[in-house]
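Novice: Below are the sequence and a predicted model; questions follow.
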Amino acid sequence: MLDDIYNNKIIEFASNIQHIGRLDNPDSSSTKVSRLCGSKVTVDIKIRDNIITEFAHDVKACALGQASSSIMAKNVIGSSKEELAEVADIMLNMLKNDGPPPAGKWSDLAFLQPVKDYKSRHSSTMLTFEAVNEAIEKLK
């Protein structure tokens with residue numbers, strides 16, 4: 001049931017999002033929108049020596065999009081480009097193929113594992129990962 005995905009931990013993440021807003025002079029930005037539900041995430045990043053040094057985001061999303069954005073904001077600064085690509089791949093595999101959730105500092109993403117059973121919710125859950133990785137790709 002939907003109670004599985006909108007559990008207390010998801011609501012807690014969604015209500016405690018860090019780094020809200022926009023950076024004044026980002027190195028790169030990206031906006032992603034879910035065509036299915038209209039959730040929208042815009043991210044700004046600054047990067048030095050392959051590591052995210054500053055991050056801000058504007059999140060207009062459902063609780064799942066907010067929760068994944070909250071976990072991203074908590075962990076993105078200090079992460080490498082490769083780490084962020086890998087965590088996005090792990091998340092997609094978790095949702096689409098019932099793969100294991102991310103580990104280590106990204107282990108809170110395991111709370112989003114029940115979303116795998118609700119295909120229509122995958123898009124909003126993945127928005128923050130898509131936006132961050134697109135912003136990184138724009139730097140190449």
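Specialist: Yep, that arrived. As the structure is a prediction and not an experimental result, all values here were calculated from the model.

Novice: Stretch 33-45: end-to-end distance?
Specialist: 18 Å (C-alpha to C-alpha, to the nearest Å).

Novice: What residues sit buried inside that stretch?
Specialist: Val33, Ser34, Cys37, Ser39, Lys40, Val41, Thr42, Val43, Asp44, Ile45 (16 or more other C-beta atoms under 10 Å). Using the backbone N, CA and C atoms, a C-beta is placed for each residue, glycine as well.

Novice: so the last one sits right up against Ile51, yeah?
Specialist: No. Counting by C-beta atoms under 8 Å, Ile51 is not a contact partner of Ile45; they are 10.4 Å apart.

Novice: For the protein, which residues score under the pLDDT cut-off?
Specialist: Flagging of the chain using pLDDT under 70 yields the residue ranges 1-4.

Novice: rerun at 90
Specialist: 1-8, 35-38, 118, 120, 140 (pLDDT under 90).

Novice: helices and strands around the strand or helix carrying Ile136, which ones?
Specialist: Using DSSP states H and E, Ile136 falls within helix 122-138. Judged by 3 or more C-beta pairs under 8 Å, 6 or more residues apart in numbering; DSSP states H and E, helix 122-138 is in contact with strand 28-33, strand 40-48, strand 51-60, helix 63-75, helix 81-97.

Novice: Quick one, which of the ones you listed gets closest to Ile5.
Specialist: Distance to Ile5, taken as C-beta to C-beta, is lowest for helix 63-75 among the helices and strands packed on helix 122-138, at 6.6 Å.

Novice: Taking strand 51-60 as reference, get the angle to the closest one.
Specialist: If you take axes from the mean of the first three to the mean of the last three C-alpha atoms, to 10 degrees, helix 63-75 sits at 160 degrees to strand 51-60.

Novice: Helix 63-75 vs helix 81-97, what angle?
Specialist: 150 degrees.
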